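[1] Curious how this folds, go ahead:
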Amino acid sequence: MEHLDRVWLLLLCSLNSVICQLQVEGHVNEEVVLPCVYTEGDSSSNVFWRDKDNLFVLDIIGGVEQTQTQNERFRGRVSSFPAEYHKGNFSITMKDLTMEDSGPYECHIPDDFQRDITLTVNAPRVVPTPPPSPAGGAAVTHPSTWLCSLLLCLCSSAV
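    The predicted model follows:
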């Protein structure tokens with residue numbers, strides 16, 4: 001994915017549940033996908049996304065995003081992929097990243113599954129801007145280059 005610079009996966013297993021820990025990096029003003037795929041899940045699964053302050057990032061109850069309980073900090077910036085719920089994909093997209101979005105996130109399916117994700121938001125990408133091209137696509141010659149060419153022409157014709 002273009003908007004993900006790096007993703008690291010650490011899988012920790014216990015007897016009754018699976019806890020997966022990921023690290024995701026993004027940049028200010030861009031978007032990232034925080035993955036949460038649970039193959040035992042389906043459209044009726046209840047999924048609870050929380051951040052480092054235990055704020056409601058997004059809840060999915062019975063296959064429906066609960067935006068009314070979503071913390072205002074995430075409202076309009078976080079969404080999921082409802083068409084993918086039947087595959088157990090409860091990943092979310094977070095757009096318009098800010099430095100304050102950095103930190104741990106948790107995707108929790110009660111009694112079954114938890115994915116811990118650490119999001120690191122870096123400074124905005126610096127995209128180099130090419131120098132402006134001349135109007136009409138004509139070549140621009142520096143005055144000293146033109147003068148050297150003229151002198152070279154005059155000197156070679158005098159020989």
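[2] Could you list the low-pLDDT ranges of this protein?
    Where the chain drops to pLDDT under 70, the residues are 1-20, 133-159.
[3] The residue most central in space within it and T129: what is the separation?
    By C-alpha atoms, centre = their mean, the chain has its centre lying nearest to V32, at 2.2 Å. Taking C-beta to C-beta, to the nearest Å as the measure, V32 falls 25 Å from T129. Heads up, the C-betas are built off the backbone N, CA and C, glycines and all.
[4] thinking again about what came up before, nearest spatial neighbour of the residue nearest to the centre of the chain, chain-adjacent residues omitted?
    G26 (3.9 Å; C-beta to C-beta, 6 or more residues apart in numbering).
[5] For beta bridges, what are the partners of that neighbour?
    Applying DSSP bridges to G26 gives these bridge partners: V121.
[6] Buried residues of the one helix or strand C107 maps to, list them for me.
    For C107, the element it lies in under DSSP states H and E is strand 103-109. Across strand 103-109, burial judged by 16 or more other C-beta atoms under 10 Å covers Y105, E106, C107, H108, I109.
[7] which residues touch the third one?
    Residues in contact with C107 (C-beta atoms under 8 Å, 6 or more residues apart in numbering) are L34, C36, V47, F48, W49, F90, I92, F113, Q114, R115, I117.
[8] Show only the entries of those found in helices.
    Among those, no member falls in helices (criterion: DSSP state H).
[9] where's the residue nearest to the centre of the chain relative to E25, distance?
    8 Å.
[10] Please apply the same query to M99.
    13 Å.
[11] who has more neighbours, these two?
    E25 (17 against 10; other C-beta atoms under 10 Å).
[12] The more buried one and R125 touch, don't they?
    No. Taking C-beta atoms under 8 Å as the definition, E25 is not a contact partner of R125, at 11.6 Å.
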